[in-house]
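1. Kindly return the folded structure for what I paste below:
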Amino acid sequence: MTTDRDPQGNSRLNRLFQYTLTVEDGLLVIMLSTMIVVASVQILLRNVWGTGLGWADPLLRILVLWVALLGAMVATRENNHITIDILSRYLPRRGKQLSQLITNLFTSIVCGILAFHSARFVIQDYAAEVSAFYAIPAWLFELIIPIGFAVICLRFALHFIAVLRGQLA
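-> The predicted structure is shown next:
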């Protein structure tokens, strides 16, 4: 009989989950570091030598998009996203839970809709053979939009379930 557990008691699913979190964090660090280096080099080239890299500005715009969505994914993973909780400060415990349920469900639905329509957008750019810069297809860089919103949708749905089960305060 085989088991999904290794000698330390960690399941394969748990290792896969930890791997995806590591990849997510690693991508965020790499993208942000690249953005800082490319922007610094571009500024230096423009201010000192009056020139620049032709691909730097389009790449920086793409990196801003990636960093924003990866950062949002990490924030929702840790349930540490931006919230407006003026009302919830004054609500009793049950009212606060209801507020969290409604907010998490609504946000999950909105992010699901955004994921769906951004996937349609990426498919249209793929079909139209739109390029981001030089001959690189734009859809490759745009993939983060539907993926990011789908992950955020899933995480808000999981937060909804956690609040429903009383596991998240």
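2. now the strands for the protein?
-> Chain-ordered strands for the chain, with DSSP state E as the definition, fall at 131-133, 136-137.
3. Could you identify which of the ones you listed has the lowest mean pLDDT?
-> In terms of average pLDDT, strand 131-133 trails the rest of these, at a mean of 84.
4. Buried ones in that one, by neighbour count?
-> Buried positions in strand 131-133, judged by neighbour count with 16 or more other Cβ atoms under 10 Å: Ala132. C-betas here are computed from N, CA, C, even on glycine.
5. Strand partners (parallel or antiparallel) of that strand?
-> strand 136-137 (antiparallel) (DSSP bridges).
6. which other residues reach the strand it pairs with?
-> Residues outside strand 136-137 that contact it (Cβ atoms under 8 Å, 6 or more residues apart in numbering): 125-126, 129-131.
7. among those residues, which are in helices?
-> Using DSSP state H to define helices, the subset of the contacts of strand 136-137 located there is 125-126.
8. List of residues touching stretch 53-72?
-> 24, 27-28, 31-32, 34-35, 38-39, 41-42, 45, 81, 132-134, 141, 144-145, 147-149, 152.
9. Using a markdown table, please lay out the strands of the chain together with distance to His159.
-> What follows is these, written out as a markdown table (distance: least, Cβ to Cβ, whole Å):
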| stretch | distance to His159 |
| --- | --- |
| strand 131-133 | 33 |
| strand 136-137 | 34 |
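10. quick one: which of these is nearest Met73?
-> In this view, those are compared for proximity to Met73 by Cβ to Cβ, and strand 131-133 is the closest at 21.4 Å.
11. quick revisit: would you mind listing which of the contacts of strand 136-137 are buried?
-> For those, a neighbour count by 16+ other Cβ under 10 Å gives the buried set as Asp125.
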